[in-house]
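J.: fold the stuff below for me.
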Amino acid sequence: MKIASFSVKSDHHIGIVQDGQIISLTALGPDDFPACMKTFIERGSELRKRAEQLIEQRGNDDAKFSLSEVKFLPPIAQPEKIICVGLNYIDHCKETGMEPPASPVIFSKYANAIVGHNDVIEIPINSKEVDFEAELAIVIGKKAKNVSEEEANDYVFGYTIMNDISARDLQFQDGQWSRGKTADTFAPIGPVVVTHDEVGDPHELAISLELNGEMMQDSNTSNLIFTVPQIISFLSQSMTLKPGDLIATGTPPGVGMGRNPKVWLKNGDRMKISIERIGTLSNHVKA
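T.: You can find the predicted model right below:
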């Protein structure tokens, strides 16, 4: 199931993307489906079954929209936590000149950084070295504390795409990464959340990023150093994960700072991140 948050004119909806269109669950069952992805996630299988029933039972054309007539919103606009894993592809470690870590390298972004599909990424006035990072993001489905690796997959609702935009000059000036990682618009996500059953094995997905039509990153999640279960188990030993929390799993090689000459984002640039079985997240850059 591919689930999206979107708007038509000024109305917000949650809906299912299928067969080149989007079906609004909010329009079909407003009592069951407020336009809130976190509510959908928190109510779990109960709401998924209700969604499937509504789509099968009602062929209401007023609830169907073409993808071109809707604005995709961030699937989850206000997660409690946005957790990121750094240095999680061996080749990316090499291009940054860093040793592969012995345990996951963790940092956070804040909700101010979240934007959606086709939204603008803004270069802040205090940075001249803004970079891109294509990442698979985990969407947590239920409360998780002290979870073992063997049971970790049971806590995954689904997956989406994140572009971990990074102001490298700020990131390395500070000695810790927060200011360089969580400027406004630095966490584009979407366009959809795909449920874990439809994605299948998250460690067999092609992942790529194009900048102005040129392939910059081209890899596969099979190259992750720390797997999805390892990451969830590791984090849950320190913090309680909640429904709707986002965990970005790291980026493959090909980022701008690892190139010679280096490639920094500039006004007018356009990016497309594609992850197999999830979709394509597109954004453009504004200075």
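J.: for whichever strand or helix holds residue 169, packing partners?
T.: Applying DSSP states H and E as the criterion places residue 169 in helix 168-174. Contacts defined by 3 or more CB pairs under 8 Å, 6 or more residues apart in numbering; DSSP states H and E place helix 168-174 against helix 178-181. The way it works is simple: take the backbone N, C-alpha and C, and place the C-beta from them, glycine included.
J.: sticking with residue 101, tell me its helix or strand.
T.: Applying DSSP H and E, one finds residue 101 in no helix or strand.
J.: got the contact list for it?
T.: 86, 87, 93, 225 (CB atoms under 8 Å, 6 or more residues apart in numbering).
J.: for residue 39, same thing?
T.: Counting by CB under 8 Å, 6+ apart, residue 39 has contacts residue 47.
J.: surely residue 286 meets residue 124?
T.: No. Here residue 286 does not reach residue 124: they are 11.0 Å apart, not a contact under CB atoms under 8 Å.
J.: which residue of the two possesses the greater neighbour count?
T.: residue 124 (16 against 13; other CB atoms under 10 Å).
J.: and the more buried one, how far from residue 146?
T.: According to CB to CB, to the nearest Å, residue 124 stands 38 Å off from residue 146.
J.: and what of residue 116?
T.: From residue 116 to residue 146 the distance is 33 Å (CB to CB).
J.: looking at those two, which one has more neighbours?
T.: residue 116 (21 against 9).
J.: surely that one meets residue 72?
T.: Yes. Contact status for residue 116 versus residue 72: in contact at 5.3 Å, counting by CB under 8 Å.
J.: shared neighbours of those two, anything?
T.: Common neighbours of residue 116 and residue 72 (CB under 8 Å, 6+ apart) are 5, 190, 191.
J.: ok, and the most crowded of those?
T.: Counting by other CB under 10 Å, top hit in the shared contacts of residue 116 and residue 72: residue 190 with 30 neighbours.
J.: for residue 152, give me its contacts.
T.: 144, 228, 229, 230, 232, 233, 236.
J.: repeat for residue 91
T.: 219, 223, 252, 253.
J.: how far off centre is the helix or strand encompassing residue 273?
T.: Using DSSP H and E, the element containing residue 273 is strand 270-275. Mean-position distance between strand 270-275 and its chain equals 12 Å (CA atoms, centre = their mean, to the nearest Å).
J.: and the longest helix for the chain?
T.: Criterion DSSP state H: the longest helix present in the chain is helix 44-57.
J.: what does it rub up against?
T.: So helix 44-57 is contacted by 1, 16, 23, 25, 28-29, 32-33, 39-40, 141-142, 157, 195 (CB under 8 Å, 6+ apart).
J.: tell me where the model's unsure across the stretch 51-200 of the chain.
T.: 58-60 (pLDDT under 70).
J.: and the strands in it?
T.: 64-66, 71-72, 82-86, 105-109, 114-115, 120-122, 130-131, 134-140, 156-163, 166-167, 187-195 (DSSP state E, counting those that start in this stretch).
J.: make CSV out of those strands and add distance to residue 207.
T.: What follows is these, written out as CSV (distance: least, CB to CB, whole Å):
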stretch, distance to residue 207
strand 64-66, 27
strand 71-72, 20
strand 82-86, 14
strand 105-109, 19
strand 114-115, 20
strand 120-122, 19
strand 130-131, 16
strand 134-140, 6
strand 156-163, 9
strand 166-167, 17
strand 187-195, 14
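J.: thanks again, I'm all set now.
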